[in-house]
Each structure stands twice: as structure tokens, then as C-alpha cells.
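Colleague: Here is a sequence together with a model predicted from it:
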Amino acid sequence: MLESWPVRLLIVTATVAAMEVVATLVHRHVMHGWGWGWHRSHHEPGVRKVERNDLYGLVFAAISLLFFSSLADAWPALWWVGLGMLAYGLLYAALHDGLVHRRLPAPATPRRGYLKRLVQAHRLHHSVRSRDGAVSFGFLYAPPAADLRRRLRRSRAEP
């Protein structure tokens, strides 16, 4: 079954989609929760080449390597899961660290479409400097900016 390229591609694609869900939950509940100590550096003003928050990327990279190596020995499909995790990490680096935060070389800020919406959503996420009250925790999915602005106004109006 794993000799079939469509099955391999399906595993990789499903893993990328699942990683967006996992990353969103980790961002909301760990990074903006008990793991704020590492993530705080990412919400401080200024662009740095290296920040404490990058430790999260190293943790995810280590897990991906685990899938490529010893876990794939037990179940070969996990090698393709590791590849999906790697693909997600590369998309995250290009879009989040490159396009949004300019920590990597990237083209000009987009003026329309999905990439503009992604940049807007992440900037609205960063309009809150504390661990509480932020919106838009995904990295590849971005809710409409108008919805996020409404949620921010509502949360700021609450005591």
C-alpha cells in the first residue's frame, strides 16, 4: 500500500493539515499558557534573528526527526508523517518567519488575496502584547481580518 504515490501524498497532505490544527492548539494553550516564558520573546517589539520562541521550532523538528527515524522502523507510514511535519515546518518558516516577520528573505508584503489575509491576521494577533486576549492562533489559516478586529474590540471592552 505504501508503494502507492497517491497514498504517500495523502499521508503527507493530511499531516500538513493536522499540523495546522496541532500548531493552533499548541499556540493557543501552550504558548499563550504555561509556555509563555518561551513565547513572550516573539511578542516583544523588534525583529531578531534568534529568539527564545524558536525553541518551539526545535521541539517540533525533533519530533519530526523521531518520525523519520526510529518510529518509521516500527511503522513505515510514519516516515511520510515525518515528511508532512517537515513540509509544515518549511511552510511555517517561509510564511510566518519570512513573509510576516521578515526574519528570512521574502518578497514584498502582499496587497491582496490569501497571503495578505494571513499577514493581517498575524499582525492582529501581535496587536496584543500579553499572553491573554490575542486572536488568530493559526499559522496557515487566517480568519477574515474584520472578524478578528471585532473580536479584539469585544475583548478590550470586557472588564
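Modeller: Happy to help now that I have it. Since we're looking at a predicted model, the values are computed, not measured.
Colleague: Buried ones in stretch 114-128, by neighbour count?
Modeller: 115, 117-122, 124-125, 128 (16 or more other C-beta atoms under 10 Å). C-betas here are computed from N, CA, C, even on glycine.
Colleague: His39: which of those is nearest?
Modeller: His125 (11.5 Å; C-beta to C-beta).
Colleague: For the closest residue to Leu104 other than its chain neighbours, list the residues it contacts.
Modeller: Counting by C-beta to C-beta, 6 or more residues apart in numbering, Leu104 lies nearest to Gly98, which is 3.8 Å off, once chain neighbours are set aside. By C-beta atoms under 8 Å, 6 or more residues apart in numbering, the contact set of Gly98 is 104-106.
Colleague: could you redo those as TSV and give each row pLDDT?
Modeller: Compiled in TSV, the contacts of Gly98 are given as follows (pLDDT from 0 to 100):
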residue	pLDDT
Leu104	87
Pro105	87
Ala106	86
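Colleague: Sort out which of these are buried, if you could.
Modeller: Using 16+ other C-beta under 10 Å, no member of the contacts of Gly98 is buried.
Colleague: Now intersect the residues you listed with the helices, please.
Modeller: Among those, DSSP state H puts none in helices.
Colleague: Which strands or helices does the longest helix seen in the chain pack on?
Modeller: Longest helix in the chain, counting residues (DSSP H): helix 5-26. In terms of contacts (3 or more C-beta pairs under 8 Å, 6 or more residues apart in numbering; DSSP states H and E), helix 5-26 is packed against helix 77-92.
Colleague: Just want the angle from the helix it packs on to helix 5-26.
Modeller: 60 degrees (axes from the mean of the first three to the mean of the last three C-alpha atoms, to 10 degrees).
Colleague: which ones are touching the residue sitting nearest the centre point of the chain?
Modeller: Nearest to the mean C-alpha position of the chain, counting by C-alpha atoms, centre = their mean, stands Phe139 at 3.7 Å. Taking C-beta under 8 Å, 6+ apart, we find Phe139 in contact with 20, 23-24, 27, 91-92, 95-96, 122.
Colleague: hmm, 10 Å instead?
Modeller: Taking C-beta atoms under 10 Å, 6 or more residues apart in numbering, we find Phe139 in contact with 19-20, 23-24, 27, 88, 91-92, 95-96, 100, 118, 121-122, 125.
Colleague: Report all helices and strands that the lowest-mean-pLDDT helix or strand in the chain contacts.
Modeller: Counting by mean pLDDT, DSSP states H and E, the chain has its least confident helix or strand at helix 72-74, which shows a mean of 86. On a contact count with 3 or more C-beta pairs under 10 Å, 6 or more residues apart in numbering; DSSP states H and E, helix 72-74 meets helix 77-92.
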